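# Below is the structure, and that's it, no one-letter string:
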Ligand code: SF4
């Protein structure tokens with residue numbers, strides 16, 4: 001990424017941040033109330049192939065403190081990424097680890113890390129896209145929500161949007177681009193985030209290399 005492109009992306013993020021910081025949560029709460037939402041405690045958002053929770057470094061640290069787990073027990077790289085000319089795999093995100101198809105913190109009694117759960121989980125099924133309210137599929141949509149709860153949700157959404165933009169700004173500032181290359185079993189996994197580059201040996205995340213090689217080679 002050359003300097004001009006970096007500057008352009010940062011300028012865009014700064015204007016998104018200004019909009020997010022001045023977002024009126026009472027308007028947002030009104031929209032949420034119109035759409036309606038009542039959690040049915042079905043756990044669908046925590047289970048299944050499509051369950052994939054993006055987490056920021058500060059959230060990973062919070063969960064690791066809460067559970068006593070290591071960083072890589074809490075989170076790992078997503079399947080999508082790019083390979084460099086030395087055969088290393090690069091990605092810009094962390095995802096909560098899963099047990100089979102489900103989030104590893106899901107249990108029949110609910111979320112095992114409820115107080116430390118990621119921002120994404122606190123606002124599901126809603127999210128903001130440049131301050132515009134969006135929502136994912138959820139059987140709780142259309143349910144009755146009180147004024148107080150819709151305001152709490154609106155404030156969480158605003159906070160999440162601000163955090164997402166600030167994390168993106170730090171990531172872009174620290175990001176060093178690389179020459180693209182072919183998938184290889186001999187490189188490493190490199191996660192770029194707001195704290196910089198994390199270099200992970202494939203042996204630290206058993207099974208992760210084979211899936212990425214197969215996906216990248218279209219098999
Ligand atoms: S962290 Fe908790 S709320 Fe979030 S997906 Fe996992 S079990 Fe569900």
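That came through, no problem. The structure presented is a predicted model; accordingly, all values stated were derived computationally and were not measured.
# do you know how far the residue lying closest to residue 81 once chain neighbours are set aside is from the ligand?
Excluding the flanking residues, the one nearest residue 81 by Cβ to Cβ, 6 or more residues apart in numbering is residue 91, at 3.7 Å. C-beta here means a position set from N, CA and C on the backbone, and glycine is covered the same way. Using Cβ to the nearest ligand atom, to the nearest Å, residue 91 is found at 20 Å from the ligand.
# which residues does residue 91 contact?
Residues in contact with residue 91, defined by Cβ atoms under 8 Å, 6 or more residues apart in numbering, are 77, 78, 80, 81, 82, 189, 190, 191, 192.
# swap in residue 124?
Per Cβ under 8 Å, 6+ apart, neighbours of residue 124: 45, 136, 138.
# any idea how far the last one is from residue 124?
Spelled out, it's residue 138. For residue 138, the distance to residue 124 (Cβ to Cβ, to the nearest Å) stands at 7 Å.
# circling back: which among the contacts of residue 91 are in contact with the ligand?
Among the contacts of residue 91, no residue is within reach of the ligand (Cβ under 6 Å from any ligand atom).
# Among the residues you listed, which ones are in strands?
Within these, residues falling in strands by DSSP state E are 82, 189, 190, 191, 192.
# and these, which are buried?
Burial by neighbour count, judged by 16 or more other Cβ atoms under 10 Å, picks out 189, 190, 191, 192 from these.
# residue ranges of the helices in the protein, please?
For the chain, the helices defined by DSSP state H occupy 3-21, 25-35, 57-67, 71-74, 119-123, 147-174, 208-216.
# Out of those helices, which is closest to the ligand?
Distances from the ligand to each of the helices of the chain were compared using Cβ to the nearest ligand atom; the minimum, 3.3 Å, belongs to helix 119-123.
# what's the distance between the closest one and the middle of its chain?
Put simply, helix 119-123 sits 10 Å off its chain's centre (Cα atoms, centre = their mean, to the nearest Å).
# Can you give the contact residues for it?
Here helix 119-123 has contacts from 45-46, 53-56, 59, 111, 127, 153, 156-157, 159-160, 163, using Cβ under 8 Å, 6+ apart.
# Show me the shaky parts of the protein.
Applying pLDDT under 70 to the chain flags residues 219.
# So which of the contacts of helix 119-123 is surrounded by the most neighbours?
Highest neighbour count within the contacts of helix 119-123, by other Cβ atoms under 10 Å: residue 157, with 25 neighbours.
# Look up the closest residue to residue 215, ignoring the ones flanking it.
residue 79 (5.6 Å).
# okay, now the one you found: neighbour count?
Residue 79 has 15 neighbours, counted by other Cβ under 10 Å.
# check contacts around it.
211, 212, 215.
# what is in contact with residue 138 and residue 124 at once?
Here residue 138 and residue 124 have residue 45 as joint contacts, going by Cβ under 8 Å, 6+ apart.
# near the ligand, which residues of this protein?
Near the ligand, when you scan the chain using Cβ under 6 Å from any ligand atom, you find 46, 53, 96, 103, 105, 106, 111, 113, 117, 121.
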